[in-house]
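Chemist: Sequence first, then the predicted structure, then my questions.
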Amino acid sequence: MPAIYFFVYATGGIKYVYSHTMYIPIVLAGVVLGGPFGVLSALVGGVLLGPLMPLVVETGESQETLNWIFRLVMFVAIGGISGYFADYLRKSMDLNRKLMSTNRETGIPNQNYLINLNDNTNLYTVITILVDNKIDISDVFGEEIFWQIMNITYHHLKAELSKDCILIQADTNKIWILYPHNQIENDANAIHKALKKNIIVDGISIYVEFYIGAQGTHSLNECKTLIPFRETDRFARYAKKNNLPYAIWDGKTVLKRLQIELLGQFANALKENQTFLTYHPIVKLETMKINGFEALIRWNHPIKGIIQPNDFIPLVESTQLIHPLLDWVVQKSLDKINEFKENHIKTLVSINLSGKNFRDPNLSQKVIQAIKKNGVDPSQLKVEITETVLMNNPLESQFTLRKFKEVGIAIAIDDFGTGYSSFSYLSKFMVDYLKIDRHFISKMDNPAILEIVKAMINLAHQLKMEVVAEGVETKEEVQKLIELGCDCAQGFYFCKPVHQDEIIEYYKNNLKYEIE
């Protein structure tokens, strides 16, 4: 404001239009600091450009009193109005935030409240409280009574637990708690104790059945993704099924139960199209064009969302479900090969075989029959197996692979270097491709590892095999592999696995990669 005073004075006085710039600090004061400060700024501005400012600086002529008083009144009006509406807008925004961050019926903070919390480095035990008899209470006493029960429960917990606890209502009958990490069992016991308090509404003592699921430790950022709460929800349901007051993640009992439940759902997942394939391109380094794809299974669970392959494939491999899984993968891969053919694209698709699959004496027969039934050229299918699988069942493996080779199916050794890593036995199995494990590719800046990779490539070439480098993620790795004479590469440098519905379009749009 003093700067504007000197600016108006320097431009000749109040007679000229420059005095209007005083509205800027007045409005800013009202908007930023509120109505009272807008009025105060207006009074100061009115005085500075009033009796303290001549009409014309050169002659020293003064303003008429009525003029500067009227201007001062206008300044005050503008400052007050801008402040009033700014205050009103702030209050409205605060109210909206509060409404968005609390449950309308109970007034308990909701998921938005959690997501909008400021980040910190604290670790929390994550807890779910499930109200099991919500329907019975609502049917007998009405929804309003149940909302009161939830509110009373919330305040019981707030009164008993540490002030650092974060409580939110995640659903109509569910409360989530972030408890500053201590001893997880002590935390669950403290909450269980708080929930034992009588709940009395309108003079009636109401029995409420609670189940608790707990696990730790998680950061606030992890909790904001809501993923840890999916687990504690499952533990609470586990407690309910087993009539336990609470279930805590112990890495044994609960995990085993959840794994069994997951396996029980997998067969239906195959039938109900919850599972799908993604395709990871394999690139020919000489031309930088796509040479084929590796088919990878994914599971989109209707409740749990995307389940990572490491969380269900090892479980499936430990059961007979591995056989229907392979049948499903083979059929979907052959369907995709035919879809490629309809789009005038001839490419190679790889599928992974488990060690359990090799124990099936009809493995090769089933795969070959499926190929014939779908009218697919066998040379467009590649099977990938680990070296460990070969050596665990060398005779069975050799017989099965020979059957594959007889009809033209290509053979690849996956994750080479992590198992026996002996070239002497590879020649026995008529292998076409050798896939070098990411462990070696990522450490090629180490001269010793670089020499090992070089030796693998050279020896594989002497055995008439093509070499595929797995897990390629950088430009430098690509260039080193080209220098070493590696045939193909696969990894996030080129792209992540592509959804089955998008892979053909992706292929058409990426006929050649550029090294950037």
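Modeler: Yes, it's here. Residues are numbered from 1 along each chain as shown.

Chemist: helices and strands of this structure: which one bottoms out on pLDDT?
Modeler: Least confident helix or strand of the chain, by mean pLDDT, DSSP states H and E, is helix 423-426 with a mean of 65.

Chemist: Any chance you could list what contacts the helix or strand that it is followed by?
Modeler: Downstream of helix 423-426, the next assigned helix or strand under DSSP states H and E is strand 433-436. The contact list for strand 433-436 (CB atoms under 8 Å, 6 or more residues apart in numbering) reads 382, 384, 410-417, 426, 453, 456-457, 460, 465-470, 486, 488, 490. All C-beta spots, glycine's among them, are computed from the backbone N, C-alpha and C.

Chemist: can you check stretch 86-96 too?
Modeler: Gly30, Val31, Val32, Gly34, Gly35.

Chemist: again, only using 10 Å
Modeler: Applying CB atoms under 10 Å, 6 or more residues apart in numbering, the external contacts of stretch 86-96 come out as Val27, Leu28, Ala29, Gly30, Val31, Val32, Leu33, Gly34, Gly35, Pro36, Gly38.

Chemist: How about stretch 25-41?
Modeler: Counting by CB under 10 Å, 6+ apart, 1-4, 22, 42-46, 74-90 sit against stretch 25-41.

Chemist: how about the CA coordinates for it, as PDB?
Modeler: Below are the C-alpha coordinates for stretch 25-41, written out as PDB (Å, rounded to 0.1, in the frame of the first residue of the first chain):
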ATOM      1  CA  PRO A  25      -4.100  -4.700  -1.900                       C
ATOM      2  CA  ILE A  26      -7.600  -4.000  -0.400                       C
ATOM      3  CA  VAL A  27      -9.200  -7.000  -2.200                       C
ATOM      4  CA  LEU A  28      -6.200  -9.200  -1.500                       C
ATOM      5  CA  ALA A  29      -6.400  -8.400   2.200                       C
ATOM      6  CA  GLY A  30     -10.100  -9.200   2.300                       C
ATOM      7  CA  VAL A  31      -9.700 -12.500   0.400                       C
ATOM      8  CA  VAL A  32      -6.600 -13.700   2.100                       C
ATOM      9  CA  LEU A  33      -6.900 -12.400   5.700                       C
ATOM     10  CA  GLY A  34     -10.700 -12.000   6.000                       C
ATOM     11  CA  GLY A  35     -13.300  -9.200   6.200                       C
ATOM     12  CA  PRO A  36     -11.900  -7.200   9.200                       C
ATOM     13  CA  PHE A  37      -8.500  -7.000   7.500                       C
ATOM     14  CA  GLY A  38     -10.200  -6.000   4.300                       C
ATOM     15  CA  VAL A  39     -11.900  -3.100   6.000                       C
ATOM     16  CA  LEU A  40      -8.800  -2.100   7.900                       C
ATOM     17  CA  SER A  41      -6.800  -2.100   4.600                       C
END
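
Chemist: TSV for the contacts of stretch 86-96, including distance to Ile168, secondary structure and pLDDT?
Modeler: Shown next, in TSV, are the contacts of stretch 86-96 (distance: CB to CB, whole Å; DSSP: H, G, I helix; E, B strand; the rest coil; pLDDT from 0 to 100):
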residue	distance to Ile168	secondary structure	pLDDT
Val27	39	helix	90
Leu28	38	helix	91
Ala29	38	helix	89
Gly30	36	helix	86
Val31	33	helix	87
Val32	32	helix	88
Leu33	34	helix	86
Gly34	32	coil	83
Gly35	35	helix	81
Pro36	36	helix	87
Gly38	38	helix	85
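
Chemist: PyMOL command for the buried members of the residues you listed?
Modeler: A single PyMOL command selects the buried members of the contacts of stretch 86-96 (16 or more other CB atoms under 10 Å):
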select buried, resi 27+28+29+30+31+34+35+38
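
Chemist: By residue count, tell me the biggest helix in the protein.
Modeler: The longest helix of the chain (DSSP state H) is helix 65-101.

Chemist: pLDDT averaged over it - what is it?
Modeler: The average pLDDT within helix 65-101 is 83.

Chemist: same question, stretch 364-379
Modeler: Throughout stretch 364-379, pLDDT has a mean value of 94.

Chemist: What are the buried residues along it?
Modeler: Per 16+ other CB under 10 Å, stretch 364-379 contains these buried residues: Ser364, Val367, Ile368, Ala370, Ile371, Val376, Pro378.

Chemist: Which of those residues fall within helices?
Modeler: Ser364, Val367, Ile368, Ala370, Ile371.

Chemist: so where's this protein uncertain?
Modeler: Low-confidence segments of the chain, defined by pLDDT under 70: 95-99, 182-189, 249-259, 417-427, 516.

Chemist: Look through it and tell me its longest strand.
Modeler: When the chain is parsed with DSSP state E, its longest strand is strand 289-301.

Chemist: Looks to me like Asn243 is in a strand.
Modeler: No. Asn243: not assigned to a strand; according to DSSP: H, G, I helix; E, B strand; the rest coil it is coil.

Chemist: what's near enough to touch it?
Modeler: Asn243 neighbours (CB under 10 Å, 6+ apart): Tyr211.

Chemist: Can you list the buried residues in stretch 377-387?
Modeler: Buried, per 16+ other CB under 10 Å, within stretch 377-387: Pro378, Gln380, Leu381, Lys382, Val383, Glu384, Ile385, Thr386, Glu387.

Chemist: And stretch 352-361, by the same measure?
Modeler: Asn352, Leu353, Ser354, Gly355, Lys356, Asn357, Phe358, Asp360.

Chemist: next one: stretch 11-25
Modeler: Residues of stretch 11-25 classed as buried by neighbour count (16+ other CB under 10 Å): Gly13, Ile14, Lys15, Tyr18, Ser19, Thr21, Met22, Tyr23, Pro25.

Chemist: if I pick the residue lying farthest from the centre of the chain, what's in contact with it?
Modeler: Largest separation from the mean C-alpha position in the chain: Thr59, at 72.8 Å (CA atoms, centre = their mean). Counting by CB under 10 Å, 6+ apart, Thr59 makes contact with Gly13.
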